[in-house]
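Q: sequence and predicted structure are below.
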Amino acid sequence: MKEFLQALTDILAVLFGDAPERPRTPRPLPPALPPAGPAAPRADPNEPQDAGEVSDSDDPVVVSHEAEPPRDTNGPEFDPVPAPPPPDNVERPNEPIGPGRPNPPAPEYRASYMWCIDNGHGAFTQGKRSPVLPDGRQLLEYEFNRDISARIFTALDRVGVAYYNVIPEVQVGNFLTERVDRANRLSSSLPKLFLSIHGNAGPAPTLQDFADDTVRGIETWYYHGSTNGRNMAAVFQRHLIERTGMVNRHLRSKVTGQFYVLRATRMPAILTENGFYNNRFDLESMLTAEFRQTIAEAHVAAILEIEANGI
Ligand SMILES: [Zn+2]
């Protein structure tokens with residue numbers, strides 16, 4: 001354990017310290033994406049995209065990340081029940097839309113997984129923004145999620161971890177079906193894992209109102225019944241709480257009405273909710289570069305732990 005912690009510390013020192021970057025062999029061009037396979041069930045625009053749309057009456061299942069992992073490993077990894085047919089989620093892109101390419105592992109790095117990293121929302125997603133502060137500052141969730149994702153990508157590039165930026169385009173709306181389809185279609189010799197990064201919102205009368213001051217902190221969601229998803233969520237939640245000292249809202253899942261990106265991805269999938277942007281205290285942190293960097297570092301530490309130990 002000591003050796004592992006030291007190795008992790010060394011890697012993090014290289015990642016975030018002043019250590020000079022190693023010269024890197026140029027990466028070979030990755031193979032083109034295969035033609036579209038069978039699409040995942042389409043997303044219903046009324047279903048929740050993230051925890052900001054979950055109310056207390058939804059009664060989520062809450063477990064501690066320190067709880068004993070379940071022994072039953074036969075839980076479903078994706079929802080066998082088909083989702084409702086697609087309403088056409090109208091997108092009005094101003095930029096070319098199309099999947100990017102995965103970043104393969106660096107030649108000298110022994111990769112364990114292909115990390116499909118999803119930034120949750122686009123610039124046209126409705127709502128998903130903090131109240132405007134008296135000095136004019138406001139957090140837009142898509143921008144927060146993308147800033148953290150970008151910081152994670154920078155760190156993963158330095159280690160050589162394989163990842164796929166699922167939605168590099170900014171000028172999109174919910175794009176829920178596309179998020180899932182791209183991850184499902186991606187061809188990789190490495191097992192795929194899906195990580196969706198978000199900021200949270202508590203119940204409030206309008207977008208310009210703050211939620212109750214007690215509604216704050218970090219939580220990680222997994223697909224109810226997925227042992228791998230829960231194990232993966234526990235690693236992320238532990239690192240997020242240890243590094244930020246934020247209120248621990250534990251691991252969460254829903255028995256019914258699960259988030260589309262957890263339900264339809266055919267791989268272990270989790271969704272991190274990194275603070276409440278309509279909580280006046282969390283918002284102040286979430287607007288800072290320091291906090292975003294800490295959140296990114298916690299995600300990277302969790303990724304490296306899972307790369308080393310599996311899930
Ligand atoms: Zn979100």
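A: Yes, it's here.
Q: okay, CA-based contacts and neighbour counts for the rest of this
A: Fine.
Q: residue 191 against residue 111, yeah?
A: No. Look at residue 191 against residue 111 with CA atoms under 8 Å: they stay out of range, at 9.9 Å.
Q: so these two - more neighbours on which side?
A: Between residue 191 and residue 111, counted using other CA atoms under 10 Å, the more crowded position is residue 111 (19 against 13).
Q: OK, contacts around the more buried one?
A: Counting by CA atoms under 8 Å, 6 or more residues apart in numbering, residue 111 touches 105, 160, 161, 162, 190, 307.
Q: mind running it again at 7 Å?
A: Contacts of residue 111 were listed using CA atoms under 7 Å, 6 or more residues apart in numbering, and they are 105, 161, 162, 307.
Q: where does it land in three-state SS?
A: Following DSSP: H, G, I helix; E, B strand; the rest coil, we place residue 111 in the coil state.
Q: quick check on it: phi, psi?
A: Phi and psi for residue 111, reported as degrees, to the nearest 10, are phi -80, psi 150.
Q: who in the stretch 1-150 of the chain is up against the ion?
A: residue 50 (CA under 5 Å from the ion).
Q: point me to the residue of the stretch 1-150 of the chain nearest the ion.
A: Of the residues in the stretch 1-150 of the chain, the one nearest the ion is residue 50, at a distance of 4.9 Å by CA to the ion.
Q: ok, the stretch 151-300 of the chain next?
A: Using CA to the ion, residue 198 is the residue of the stretch 151-300 of the chain that sits closest to the ion, at 4.4 Å.
Q: and that residue, that's in a strand?
A: Yes. Residue state for residue 198 (three-state DSSP) corresponds to a strand.
Q: spatially nearest residue to it, not counting backbone neighbours?
A: Spatial nearest neighbour of residue 198, chain neighbours left out: residue 273 (4.9 Å); criterion: CA to CA, 6 or more residues apart in numbering.
Q: need phi/psi at the one you found.
A: Residue torsions, per degrees, to the nearest 10, at residue 273 are phi -120, psi 100.
Q: before we move on, back to that, and the closest residue to the residue of the stretch 1-150 of the chain closest to the ion other than its chain neighbours, how many residues sit next to it?
A: Counting by CA to CA, 6+ apart, residue 50 lies nearest to residue 259, which is 6.3 Å off, once chain neighbours are set aside. Applying other CA under 10 Å, we find 24 residues neighbouring residue 259.
Q: quick one: contacts for residue 259?
A: Here residue 259 is in contact with 48, 49, 50 (CA under 7 Å, 6+ apart).
Q: tell me the SS of residue 66?
A: Local secondary structure at residue 66 is given as coil here, using three-state DSSP.
Q: from residue 100, how far out is it?
A: Separation of residue 66 from residue 100 (CA to CA, to the nearest Å) stands at 37 Å.
Q: and the two? Which one has more around it.
A: residue 100 (15 against 12).
Q: so what's the more buried one scoring on pLDDT?
A: The model reports residue 100 with a pLDDT of 87.
Q: what does residue 209 give?
A: Looking at residue 209, the pLDDT reads 97.
Q: spell out the secondary structure type for it.
A: Here residue 209 is coil, with the state taken from three-state DSSP.
Q: need the contact list for it.
A: By CA under 7 Å, 6+ apart, the neighbours of residue 209 are residue 131.
Q: check the one 4 residues further on too.
A: Contacts for residue 213 were tallied using CA under 7 Å, 6+ apart; they are 279, 280.
Q: need the pLDDT of it.
A: So, for residue 213, pLDDT stands at 98.
Q: coming back round to it: neighbours around the residue nearest to residue 198, how many?
A: Neighbours of residue 273 (other CA under 10 Å): 23.
Q: look up how far residue 248 lies from it.
A: According to CA to CA, residue 273 and residue 248 sit 11 Å apart.
Q: before we move on, what about residue 271?
A: 15 Å.
Q: what of residue 264?
A: Counting by CA to CA, the gap from residue 264 to residue 248 is 27 Å.
Q: Provide the secondary structure category for the nearest residue to residue 223 once chain neighbours are set aside.
A: The shortest distance from residue 223 to any non-neighbouring residue, by CA to CA, 6+ apart, is to residue 262 (5.4 Å). Three-state call for residue 262 (three-state DSSP): helix.
Q: still on that earlier bit, any shared contact partners between residue 273 and residue 248?
A: The contact lists of residue 273 and residue 248 share 218, 219, where a contact means CA under 7 Å, 6+ apart.
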